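Visitor: One predicted model, sequence on top.
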Amino acid sequence: MTSMRTQVVADTPQALDLAPRPAAHDSPEEYFQQRLEQIVRPGDRILDAGCGAGKFSRMDFAKEIGCHLTGVDLQEALGRNQQMDSRVRADLKRLPFSDKSFDVVNCRLVIEHLDAPQAALDEFHRVLAPGGRLAIFTPNLLHYFGAAATLTPHWFHIWFNRRVRGFDDSDIFPTYYRANTRRRLRALLLKSGFARADVTLVEGAPSVLAFNSLLHRVGIGYERLVKRFDLLSAFRLNIIAIAHKG
């Protein structure tokens with residue numbers, strides 16, 4: 001996604017105070033990276049949930065401060081992920097790790113692909129040590145991008161992502177969007193036992209519409225509107241959640 005000024009809103013003033021403000025050039029992905037780096041501490045044991053081949057994650061910063069990275073995924077592409085110290089093929093709903101095994105769980109662009117997100121969140125909570133942190137980055141169902149994804153069949157997703165976005169077939173998965181509003185995700189996190197869930201909505205550039213000049217102009221207008229009015233914050237592009245285990 002093209003870098004552009006982002007707008008954020010959090011559930012509570014406390015959450016907003018804890019979050020670093022995005023710079024003028026930040027994209028939603030860059031803002032999530034800031035939040036992730038903020039919660040990782042030297043020597044942490046990190047689980048990268050649904051990490052795949054590592055095309056879309058930047059975990060070098062964690063290696064530089066002595067963290068141990070474990071990647072878990074059902075896809076064979078996991079074996080090509082050179083960022084991980086350990087790689088385990090497993091279902092996120094049934095993690096093969098002991099209780100309290102990790103300090104941080106990173107879950108980037110994964111929750112939308114889970115048919116039972118509550119089960120996965122329960123597992124994340126179980127494998128986190130007391131004081132552990134969970135970072136989630138996912139599309140917002142109430143944004144036009146998420147709404148379009150739920151109203152179109154999977155074959156269209158394959159065609160669109162392959163032809164318009166240039167994705168490989170191995171990077172295209174079915175989507176369910178069963179945890180993809182601010183209210184829904186926060187409720188699921190608290191139900192899983194997390195003591196606090198700070199949920200932020202971020203809007204970015206409408207690069208997904210760049211294939212059509214008219215749609216792109218409409219997207220720019222939408223972007224400006226949801227950034228300007230906090231009453232429309234629920235319709236911003238991405239959800240970023242930082243949850244804390246007590």
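Guide: Received it, and whenever you're ready, just let me know what you need. Residues are numbered from 1 along each chain as shown.
Visitor: which residues of the chain fall in strands?
Guide: For the chain, the strands defined by DSSP state E occupy 7-10, 45-49, 68-73, 86-89, 102-108, 128-139, 196-203, 238-244.
Visitor: And the contacts of the last one?
Guide: Here strand 238-244 makes contact (CB atoms under 8 Å, 6 or more residues apart in numbering) with 28, 31-32, 35, 39, 131-140, 143, 180-182, 185-186, 189, 194-204. The way it works is simple: take the backbone N, C-alpha and C, and place the C-beta from them, glycine included.
Visitor: let's see it at 7 Å
Guide: With contact meaning CB atoms under 7 Å, 6 or more residues apart in numbering, strand 238-244 is reached by 28, 31-32, 35, 39, 133-140, 180, 182, 185, 189, 194-202, 204.
Visitor: Distance from that strand to the middle of the chain?
Guide: Remark: strand 238-244 is offset 8 Å from the chain centroid, using CA atoms, centre = their mean, to the nearest Å.
Visitor: Direction included, what does that strand pair up with?
Guide: strand 128-139 (antiparallel), strand 196-203 (antiparallel) (DSSP bridges).
Visitor: what angle separates that strand from strand 102-108?
Guide: Interaxial angle of strand 238-244 relative to strand 102-108 (axes from the mean of the first three to the mean of the last three CA atoms, to 10 degrees): 170 degrees.
Visitor: among the helices and strands of the protein, which one scores worst on average pLDDT?
Guide: Lowest mean confidence among the helices and strands of the chain (mean pLDDT, DSSP states H and E): helix 13-18, at a mean of 41.
Visitor: picking that back up, for the buried ones among the contacts of strand 238-244, write the corresponding PyMOL selection.
Guide: Those of these that count as buried under 16 or more other CB atoms under 10 Å are selected in PyMOL with:
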select buried, resi 28+31+32+35+39+133+134+135+136+137+138+139+140+180+182+185+189+194+196+197+198+199+200+201+202+204
